[in-house]
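*Asks:* how does the following fold in three dimensions:
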Amino acid sequence: MQKMAEPLGLRDECGEGTLGAPALAGSCLADNRLNLDVYPDGCRRFLQLFKQQQGEVVQVEFLRLSSNDCLLDTTLGSLPHLKHLKSMVLKGGHARDEFGSCQHGSLTSLPPDFGNLRCLTHLDLSFNRFSILPSCILHLPSLSVLLVSHNSLVTLPEDFGRLSKLTFFSAMKNQLKDLPQSIGELSMLQDLDLSENALELLPEEVGNLHNCTELDLSGNRLLSIPDSLANMKSLRRLHLHSNLLVTVPASLASLPNLSRLDLQNNCLRAIPAEIQALPFVHVRGNPLGETEPSPQADKSSTRRLRRLFLASGEGSFTVTSEGCRVVLACGIHFYFPPGAASDPLRIYFRSLTPDPQWVKLRHHDVLLSRVLELQPHGLQFQQEVQIWMPYISPQTPHQHEVVVRTFSGQSWSDLKTRVKRNRKSKKCVAHCCVLHFSWFLVVSRLVQNECKVPAEGTLLFSSVDPNIKVIFPAGVTKEPRHVKLQVLPVSAEEIQEITANAECRASPLLYLSQDSTVDFLKPVRIQLPLPSGVTGLNLDRSRLHILHGDLEGQTWNDITSEVVLEFTHLYAVFEVTHFSWYWLWYTTKTYIGGIAKKVYERLRLYQVNFIALQRKRDPEQVLLQCVPKHKVDPVLKKLQDRYRGPEPSDMVEMFEGEQFFAAFERGISIDMDRPDCVDGRLSFIFYSHLKNMKEIYVTSPVDRKGQAVKGQVSFYRGAVPDSIPEDASRRRKGPDSLWLATLPIKLPQLKPRWDENPGPLCGFSFPPLNLGNAETGYLTQANLLSIARRVGADWQSIGLNLGLTYQQIERIGYNNREDLNKQILDMLFSWAQQNSEDPDCVSKLITAVKESGRQDIADEIEAIIELGRQKYSESIRRVGLEQESSTEDSAIAM
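*Replies:* Model prediction:
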C-alpha cells in the first residue's frame, strides 16, 4: 500500500527545532498543504519555510495558522504571495485562559492586498477581534465559504452582496445589529448562520435567498420576521429559537421543503393554526403557545406580561398594574407580577460603588456585587417583586453561602436568597423577593444555621461540620428565642503557618448569637470536635484551652478554668449561658489569648499584589490594579497583549473593604479634578472579588521633547476601617507605615503631536462646540480634543457605535489616509457637529466607547461630566437658586 503523504509542516525530519529542506521535499509537497496551527510557533516555522523555499511555499493551496501566534502580524505580509491558495484558516481559540475558555486571536484587520488571492474559496477568521469586516474580503472573486464567527462585528458592509459565489456564511457569536439590503444578492448562498447576535430586524431582501437550505437566526432580539421568508422555497431548516418574537407569519407553513421550524423560547402571543399543524415545529418555552384564537375568543386570554430590555444609558422604567419583566443592561432581572402596583409607577435605578463607611461588612463577609439602588424608597408593593442579581462566584463555596443584603435606611439585613449557576455561561445569580425598594447587594457570608428555641429545648448543629452541636435543655428559656450558629473551619496548615509552631492546633471557630440580650436560664451544652491529630486517648488536658472571644474578635480570654470540660474519644463538651465566639486550642503555649488574636486577624487578611501597566499603543494610559495573589498570573496573561510594565509588587496584606491610594510621583501627574482624586492621589477600596482596577491618563510637567520621564506610582493605605483589629490599627501609625509598594512608570520622549500643529484642529475648522447642557455638564471642544488623543485604532468601531454608516467610515478613512490622527478628528468632530443639539449626545458617546471596549475613555468622559455637575451645583448654591430650582423640578414632576 502506498504511504499517504504527510501535510507540509506536520513533521521535522531534521530532528531539530527548525524545519530543514528534507521536510519540504517529496511527498510533503504533494498535498500542497501547510497545517501549522498545531504548533505554538507555527508562524515562525512558516516564515522560515517562506525564506528558505519560497518557490515551493507559494504553490501551497491549503494553509492553517493560529491567530493566537505572537508572530502573526509579521506573517500576514507574506500571505498574499501565495497566489494558488484555495483555503486559508487564520483562526483563534487555540489557547485557553485559566477558566478553560477559548482565547480570541489578535486579528483586527487584514492587509489590503489580501484581495489579490483570486483562487481563495474558503476563508476562516473565527475567534478573532474584528469589529469591521475587512474590505479586501469583498474583492475575493472565488470565495464560497466565509466564517467570521466569535468576533465583535457590529455591522456588515453595504456592498456585502458582491460576494456572489458565497454558498456558506457564518457570523454567529458577534454583535450584529442589522443586515445590509445587499444580503439578498447572495443568490448562491445555501447556509446562513447569524445566531447569537443582536439583530432586531431583518431586511425584506432576505427572502431573495432562493437557494438557502438552512437559516439560523436563533439567540437574537428579533420581534418579528418578514413575510418574504416564505419566498425561500429551498429552505429546509429555520432556527428562530431564543428571540423575542411575538408573532410569526402563517405563510411559513407553505415552504415546500421545510422539515424543521424551531420557535422555542420566544414571546409568542399566538401561533397561527397553519404553523401549529406542522409536525416538525417546536414551540416550547413560549408564554401561550396556543393556536390563534377566533375573533369571538376572550381577548384577555392572549395577554402576557410585557418584557422590557433596557440599554446601558437608561435609568428608569414604568410599571403598570398589568405587571412586567425587566432586564437591565448589567444583567439584573425584575419580575413585577400583575397587581404588584395598583397605579402606573416610575421605577428609578442606579448602580453604586460600595462605600465602606456605609456598606458595613461583618467579619468574614465577602462583597460579590456593586450596590443596586431602587427608588422610590419605602413604597410597599401589593405583591412581592422578584429580583435576580448577578454576582461573582466566591472562592470558598463550602463554608460560605451567598445572600442578598438590603439596607432599611438604618441597618443592613439579609434576605432569603436562592442562587443559580448557568451551566453554559458559568454566571451566577442571586434571587430574592421584596415588598419595598431600597439598596441591595450580594455578599458571601459564613454558612448560617438557625432555629427557634422553645421552652422545652431543642438541638442545633452545623451543616458545615455536623460534629458541632448546641444542645438547649428544657427550661432554658421562658419565651422562644431565635438562635444563629456559624462555623469557620481552620486547617492545621493555616495554624502552623501563622504561629510558626507545628505543635499549635485548633478546632473550627464557632460563633453563636441570639435575638435576646438576656442570658439563658440554664446552661447551654456545646460540643466541639477535638483539634486535628488529638483524640481522647492521647489527650494532655493541660494543653487544651477553651477561648471565648468578644463580638469583634479583639480579645480572646481563656475560660478553661471557668467551665466544666468533658471529653469523648473525638469531642470536647462544655456549658455556657451567653453567646459569642468559642475556639478550642491545643498547645504548650501559656498566653494563648494573644496567639489566637493574631491568628484571627490573619484569617481576615488577603494577600495581594499591585500592578501598574502601560498600554503599548499609548504609554500615557496607565492601568492600576490590586489583585489577590492567586489571581495575579491569570490577570497578567489576559493583559499582556495590550499592556506592558514592571513585575507586580511584593505581596502585602489587606482587609476586605480597606481603602488605599495611588500617588504618581517623580515627574508624573494626573487630573486633580477627578472625583476619585483626594489630595492628588487616586482613591481605591479593596474588595477581594471585585475589580480593584482603574485606567487613567497621566501627564508630565517635565519637557519630554528632549528626554523620557522616569517616574513612579506608589500605593499607600488609607483611613483605618472601623472593623480593623486594634493591634493592626496601632501598627499602621506614622507616614512610613502607610506605604505599601512602589512601581516604575516611564513616559517615552515626545514626538511632535498633531494637536500642536498650527490651526484650530490640525486643518479642521468647526464652530465652537458644547455638547450637553449646563446642568449635566458640558463636553467642550478642548474636552473632545483630549478624548481624540486617546482613541487610537478604535476610531472605526466607536464611529459605527455612534451611528455612522460603514460608507461614512470608509470615506473618512480614505480622505485622511495615512494620517490616523486626522481620521479620528474627522470622525469625532463631524459626529459632534451633527449632534450638538441632541440633549442625549453625551450619554450616546459614553455608550459608544463602552461598546467599543474603551471603558477608560468612558470613565474619563463621566469624570468630566461629574465635575461639570458639581461646578453647576456650586454656582447655583452661590447665587441662592438651589431651593428655587428644586421647587420648579417638583412642579414639573407633578
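*Asks:* drop to CA atoms for contacts and neighbour counts, all remaining ones
*Replies:* OK.
*Asks:* Three-state assignment for Lys51, please.
*Replies:* Following DSSP: H, G, I helix; E, B strand; the rest coil, Lys51 is assigned to helix.
*Asks:* run a quick neighbour tally on Leu310.
*Replies:* By other Cα atoms under 10 Å, the residues close to Leu310 number 16.
*Asks:* same question for Glu493.
*Replies:* Using other Cα under 10 Å, Glu493 has 13 other residues around it.
*Asks:* measure it to Cys504 for me?
*Replies:* For Glu493, the distance to Cys504 equals 10 Å [Cα to Cα, to the nearest Å].
*Asks:* ok, now Lys420?
*Replies:* Counting by Cα to Cα, the separation of Lys420 from Cys504 is 40 Å.
*Asks:* ok, the two, which is more surrounded?
*Replies:* Counted by other Cα under 10 Å, Lys420 and Cys504 do not tie: Cys504 has more neighbours, with 22 against 13.
*Asks:* which regions of the stretch 601-750 of the chain sit below the pLDDT cut-off?
*Replies:* Scanning the stretch 601-750 of the chain with the threshold set as pLDDT under 70 gives 673, 702-706, 719-737, 750.
*Asks:* what about the strands in it?
*Replies:* Listed in chain order, the strands of the stretch 601-750 of the chain (DSSP state E, counting those that start in this stretch) span 605-615, 621-628, 643-644, 652-655, 658-665, 677-678, 681-686, 692-697, 709-717, 739-747.
*Asks:* list the buried residues of the last one.
*Replies:* For strand 739-747, burial by neighbour count (16 or more other Cα atoms under 10 Å) applies to 739-747.
*Asks:* what's in contact with it?
*Replies:* The contact list for strand 739-747 (Cα atoms under 8 Å, 6 or more residues apart in numbering) reads 610-612, 614, 619-620, 645-646, 648-650, 652, 708-717.
*Asks:* what angle do it and strand 709-717 make?
*Replies:* Counting by axes from the mean of the first three to the mean of the last three Cα atoms, to 10 degrees, strand 739-747 lies at 160 degrees to strand 709-717.
*Asks:* could you give the separation of stretch 531-547 from the chain centroid?
*Replies:* The chain centre lies 48 Å from the centre of stretch 531-547; the measure is Cα atoms, centre = their mean, to the nearest Å.
*Asks:* ok, which stretches of the stretch 1-150 of the chain are helices?
*Replies:* Counting by DSSP state H, counting those that start in this stretch, the stretch 1-150 of the chain has helices at residues 42-52, 54-57, 72-76.
*Asks:* out of these, which comes closest to Leu584?
*Replies:* helix 42-52 (59.4 Å; Cα to Cα).
*Asks:* the closest one - what's its average pLDDT?
*Replies:* For helix 42-52, mean pLDDT is 87.
*Asks:* that helix packs against which elements?
*Replies:* In terms of contacts (3 or more Cα pairs under 8 Å, 6 or more residues apart in numbering; DSSP states H and E), helix 42-52 is packed against strand 62-66, helix 72-76.
*Asks:* tell me which residues in it are buried?
*Replies:* Residues 42-47, 49-50 are the ones in helix 42-52 that count as buried (16+ other Cα under 10 Å).
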